[in-house]
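Student: here are the coordinates; sequence isn't available:
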């Protein structure tokens, strides 16, 4: 009786993969497809995060160039105001030219303020794209690199990006679990 039970179990276990109609194979394929889908989503999330950071960096770089050009124009406008005012005092110009130069100078000052505000907004966008939060906790190793490379802005950008990418990945993996 013990031999019959053992033999029956052996035959059943050997025949089970044949009889299951490909269920195990289908289950393996299903799990591989789900894994591939999750991997693709993960890759898409990474690409999106990198794209957001690149866009924010480009916006900030362009805005810095615009701000530098406005600063040059403001300096030239101040020189123009001084020159026109000097010519007015000597009687070579009428006061309307002085007023126009002052208006131009003031308009450039307003544009610089607006440009700085836009630069701040771009910096905030960059910080958000990096996944920034008010409380970023660095490991001792990251703190060491942060301390020794604090003035290296591209390095810090990459450091913060990697730290927050890790946070995004952890949050994403919690949502799919």
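Tutor: In hand now; what should we look at? Source: prediction; values computed, not measured. Numbering: from 1, shown residues only.
Student: rest of the way, CA atoms for contacts and neighbours
Tutor: Fine.
Student: Would you map the helices across this structure?
Tutor: Assigned by DSSP state H, the chain shows helices spanning 2-19, 23-89, 95-129, 140-148, 153-176.
Student: what residue ranges in this protein score low on pLDDT?
Tutor: 1-4, 14-21, 131-177 (pLDDT under 70).
Student: List the buried residues for stretch 119-134?
Tutor: Buried residues in stretch 119-134, counting neighbours by 16 or more other C-alpha atoms under 10 Å, are found at 119, 122, 123, 125, 126, 127, 129, 130, 131, 132.
Student: Export those as JSON lines, with columns for distance to residue 80.
Tutor: What follows is these, written out as JSON lines (distance: C-alpha to C-alpha, whole Å):
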{"residue": "119", "distance to residue 80": "27"}
{"residue": "122", "distance to residue 80": "32"}
{"residue": "123", "distance to residue 80": "33"}
{"residue": "125", "distance to residue 80": "37"}
{"residue": "126", "distance to residue 80": "37"}
{"residue": "127", "distance to residue 80": "39"}
{"residue": "129", "distance to residue 80": "42"}
{"residue": "130", "distance to residue 80": "43"}
{"residue": "131", "distance to residue 80": "46"}
{"residue": "132", "distance to residue 80": "44"}
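Student: Need the max-distance pair from these.
Tutor: For the buried residues of stretch 119-134, the farthest-apart pair by C-alpha to C-alpha is 119 and 131; their separation is 18.4 Å.
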